[in-house]
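Novice: predicted structure and sequence below. I'll ask about it afterward.
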Amino acid sequence: MSIVRCPDCGEPIKLPEGTRSGDLVDCPNCAGQALRVREDDGQWSATLAYRVSCPACDEVITLPEDVKAEDTVRCCGQTYRLTFEYGAFAAEET
Ligand SMILES: [Zn+2]
Ligand SMILES: [Zn+2]
């Protein structure tokens, strides 16, 4: 059984059978927070995976690991520019 700690709240989270390095899991304590898990030599660790809501349809988009401000995401046939403020990303119309 593999367990990671949520980097946000510290809750230990059991990884489901078949979890692979790079998968996303949800923290039961942190609503809407996704954790990206990684395995190195049998040791699992978790980092926060940032998410943004589409300004048009409210769909939640999970951002790639190497995302940075000024990157763009696509939804609803639109391209949105990402901004990073107060520790969170937001999507803005370009
Ligand atoms: Zn948490
Ligand atoms: Zn959308």
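Specialist: Structure received. Ligands and ions are numbered 1, 2, ... in the order given.

Novice: and the strands in the protein?
Specialist: 3-5, 12-14, 24-26, 34-40, 43-49, 51-53, 60-62, 72-75, 78-85, 88-93 (DSSP state E).

Novice: go through the fourth one and flag the buried ones.
Specialist: If I follow you right, that is strand 34-40. The neighbour-count check on strand 34-40 (16 or more other Cβ atoms under 10 Å) flags 34-39 as buried. C-beta here means a position set from N, CA and C on the backbone, and glycine is covered the same way.

Novice: adding distance to residue 71, write the residues you listed out as TSV.
Specialist: Converted to TSV, these look like this (distance: Cβ to Cβ, whole Å):
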residue	distance to residue 71
34	17
35	20
36	17
37	22
38	21
39	26
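
Novice: in this structure residue 47 contacts residue 34, no?
Specialist: No: counting by Cβ atoms under 8 Å, residue 47 stays clear of residue 34, with 10.0 Å between them.

Novice: for ligand 2, state which of the buried residues of strand 34-40 is nearest.
Specialist: Among the buried residues of strand 34-40, residue 34 lies closest to ligand 2 (Cβ to the ion), at 17.8 Å.

Novice: which ones are touching that closest one?
Specialist: 24-26, 48-49, 51, 62 (Cβ atoms under 8 Å, 6 or more residues apart in numbering).

Novice: from the residues you listed, list the buried ones, please.
Specialist: Here, 16+ other Cβ under 10 Å leaves 25, 49 buried among these.
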